[in-house]
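Participant: this is the structure alone, sequence omitted:
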């Protein structure tokens, strides 16, 4: 993605994310209160991820697991049916509502509305040269791989789709992906958690 394209995309992201935060503020507040009332504090799950050109940042999501889950399950792949995922958390994950606080990551410039999903530092450390191309764009709340199978396709295929998106980016493609994301969330397609093979990494 060229510098001009990246700058144009960043301007759109900032304006759209700000609008979304204002419009969705009642929803954000309601979900935050439900998380607090159902399983206590903290409301948010914050974790280090790798972003644009390898820069680290802290991703923000609504907490969907028990408070002690991260310490108890470190290094394990957590599926939606795990006992560490709360009943409310299962619903939030199924509807992708746990991702809404990432709008603040977009406002900060850590993320984009559309792009490859951000991955953990230990995964990025094992990237080969082709896989590292995913870092040529800001990570997104949704992406081309998300609307073309999400967790139902292999990690190898997801990485190929992410790189294809970077090479073919346009404003119209972003709009198409966002509309497809809304449709998939309503139909709950591709939301099953599929762990990556040991020798495949991705986001």
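Facilitator: Yep, that arrived. Source: prediction; values computed, not measured.
Participant: for residue 184, which non-adjacent residue is closest in space?
Facilitator: Among residues not flanking residue 184 along the chain, residue 147 sits closest, at 6.1 Å (Cβ to Cβ, 6 or more residues apart in numbering). Quick note: C-beta positions are derived from backbone N, CA and C, even for glycine.
Participant: that neighbour and residue 185 touch, don't they?
Facilitator: No - assessed by Cβ atoms under 8 Å, residue 147 is found out of contact with residue 185, at 10.2 Å.
Participant: who's more crowded, the two?
Facilitator: The neighbour comparison of residue 147 against residue 185 (other Cβ atoms under 10 Å) goes to residue 147, with 21 against 17.
Participant: list the buried residues of the top helix by length along the chain.
Facilitator: Among the segments of the chain that qualify as a helix by DSSP state H, the longest is helix 3-39. For helix 3-39, burial by neighbour count (16 or more other Cβ atoms under 10 Å) applies to 9, 13-14, 16-17, 20-21, 28, 31-32, 35, 39.
Participant: correct me if wrong: residue 9 contacts residue 165.
Facilitator: No - using Cβ under 8 Å, residue 9 is not in contact with residue 165; the gap is 11.6 Å.
Participant: can you give me the helices in the protein?
Facilitator: Assigned by DSSP H, the helices in the chain fall at 3-39, 69-72, 87-94, 102-108, 121-124, 155-167, 171-187.
Participant: can I get these in TSV with distance to residue 134 and mean pLDDT?
Facilitator: Output for these, formatted as TSV (distance: least, Cβ to Cβ, whole Å; pLDDT from 0 to 100):
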stretch	distance to residue 134	mean pLDDT
helix 3-39	15	92
helix 69-72	24	64
helix 87-94	23	92
helix 102-108	17	97
helix 121-124	9	92
helix 155-167	5	93
helix 171-187	16	88
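Participant: in JSON lines: those helices, plus distance to residue 135.
Facilitator: Below are the helices of the chain laid out as JSON lines (distance: least, Cβ to Cβ, whole Å):
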{"stretch": "helix 3-39", "distance to residue 135": "13"}
{"stretch": "helix 69-72", "distance to residue 135": "24"}
{"stretch": "helix 87-94", "distance to residue 135": "25"}
{"stretch": "helix 102-108", "distance to residue 135": "16"}
{"stretch": "helix 121-124", "distance to residue 135": "7"}
{"stretch": "helix 155-167", "distance to residue 135": "9"}
{"stretch": "helix 171-187", "distance to residue 135": "18"}
